[in-house]
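> show me the folded form of this:
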Amino acid sequence: MAQRVRKAVFPVAGLGTRFLPATKTLPKEMLPVVDKPLVQYAVEEARAAGIEEFVFVTGRGKVVLEDHFDHSVELERVLTERGKTAELKAVLDCNLSPGKLSYTRQQEPLGLGHAVWCGRAFIGDEPFAVLLPDDLILAEPGCLKQMMDVYETIGGNVVAVEDVPRSQTSRYGILDVVEDDGRLARAKGLVEKPAPEKAPSTLSIIGRYILQPDVFRHLDRQERGAGNEIQLTDAMAKTIGSIPFHGFRFKGRRFDCGSKAGFIEANLAFSLARPDMREDVLAMLKRYT
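Sure, this is the predicted structure:
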């Protein structure tokens, strides 16, 4: 049986330049989809999958993100005094248990692999999950929970994947596939952001990972890859052969909230998925079609 996954890393050190000026002082992970920030969706997904310890890899200007998961004594007192029980519950649901949330800084923007490596002391010698808040997934059960269920059977490294148009392979880590049953794809290699004509497939890795701690041995070397950055894909590729590697096609819809169009679409989709908002949003959309 695969060793249980208890810890998750959330790389949240990015500058969010594609959303300037909104992200000049507000971390991009705090941009709201309906009424919750992106990072809270990721944390809730991890919680629902059984994650117990949360490691945020932050950077300068991210204090508001840290405060979001802490108590706001004044706000909680006011909500209590005014009898706003639903609002108070929403605020309290953000909080994580004492000692279960850790922060470390990525002082330089050296890539996703470097960000994950920065959390190595908190992970230790355990398998762990990585969640990228920019990839927001509408799914029930959550994407990571679906992956956990598969991981318990097959072990090794498991990443969420989806097929992309060949013209877009240069945006993603791409699997070199050996076997594919339509749900699980076993890989013999990975390529970071290959040109369309060189891509071994169109099966792309998105922002959900379950990884064995062996990946840190390769990240320790601090080798640069695509974009002169330390790529997580490169380190994962080097574990193939000694550790099974599978891509998992999850059931759900993924929104790229690192792009403006994807962020707007996510707000629409999550609004329409809520019974308290669906009819109002549909009526609103009719005015623009």
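> helix, strand or coil for residue 191?
Counting by DSSP: H, G, I helix; E, B strand; the rest coil, the backbone at residue 191 sits in strand.
> what is the neighbour count of it?
Residues near residue 191, counting by other Cβ atoms under 10 Å, number 20. Backbone N, C-alpha and C define where each C-beta goes, glycine included.
> which residues does it bridge with?
Counting by DSSP bridges, residue 191 forms beta bridges with residue 174.
> contact partners for it?
173, 174, 176, 198, 199, 200, 233, 237 (Cβ atoms under 8 Å, 6 or more residues apart in numbering).
> kindly write the ChimeraX command that selects the buried subset of these.
Selecting the buried subset of these in ChimeraX, with 16 or more other Cβ atoms under 10 Å as the burial test, is done by:
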select :173,174,176,199,200,233,237
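> same list (the contacts of residue 191) but as JSON lines, adding secondary structure and distance to residue 51.
Shown next, in JSON lines, are the contacts of residue 191 (DSSP: H, G, I helix; E, B strand; the rest coil; distance: Cβ to Cβ, whole Å):
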{"residue": "173", "secondary structure": "strand", "distance to residue 51": "23"}
{"residue": "174", "secondary structure": "strand", "distance to residue 51": "27"}
{"residue": "176", "secondary structure": "strand", "distance to residue 51": "29"}
{"residue": "198", "secondary structure": "helix", "distance to residue 51": "36"}
{"residue": "199", "secondary structure": "coil", "distance to residue 51": "32"}
{"residue": "200", "secondary structure": "coil", "distance to residue 51": "32"}
{"residue": "233", "secondary structure": "helix", "distance to residue 51": "22"}
{"residue": "237", "secondary structure": "helix", "distance to residue 51": "25"}
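> surely residue 155 touches residue 244?
Yes: using Cβ atoms under 8 Å, residue 155 makes contact with residue 244 at a distance of 6.5 Å.
> those strands in the stretch 1-150 of the chain, which residues are they?
Taking DSSP state E, counting those that start in this stretch to define them, one finds strands in the stretch 1-150 of the chain at 7-11, 32-33, 36-37, 53-58, 101-105, 128-131, 135-138.
> what comes up buried for the lowest-mean-pLDDT helix or strand in the chain?
The weakest-scoring helix or strand in the chain, judged by mean pLDDT, DSSP states H and E, is helix 63-68 (a mean of 88). Neighbour counts using 16+ other Cβ under 10 Å place 65, 68 of helix 63-68 among the buried residues.
> export it to PDB, keeping only CA atoms.
The C-alpha trace of helix 63-68 is given here as PDB (Å, rounded to 0.1, in the frame of the first residue of the first chain):
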ATOM      1  CA  VAL A  63       1.500  39.000   4.200                       C
ATOM      2  CA  VAL A  64      -2.200  39.500   3.400                       C
ATOM      3  CA  LEU A  65      -2.300  35.900   2.100                       C
ATOM      4  CA  GLU A  66      -0.900  34.700   5.500                       C
ATOM      5  CA  ASP A  67      -3.400  36.800   7.400                       C
ATOM      6  CA  HIS A  68      -6.300  35.300   5.400                       C
END
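> counting by contacts, list what it packs against.
Under the contact criterion of 3 or more Cβ pairs under 8 Å, 6 or more residues apart in numbering; DSSP states H and E, helix 63-68 touches helix 38-48, strand 53-58.
> list of residues touching stretch 104-119?
9, 11, 13-15, 55-60, 121-122, 130, 132, 215-216, 219-220, 222, 225, 227, 229-235.
> got the end-to-end distance for that stretch?
Length of stretch 104-119, first residue to last, Cα to Cα, to the nearest Å: 7 Å.
> so how far is it from its chain's centroid?
Centroid displacement of stretch 104-119 relative to its chain, using Cα atoms, centre = their mean, to the nearest Å, is 15 Å.
> who's in contact with stretch 76-85?
87, 88, 91, 92.
> which of those residues count as buried?
Applying 16+ other Cβ under 10 Å to these, the neighbour count classes 88, 91 as buried.
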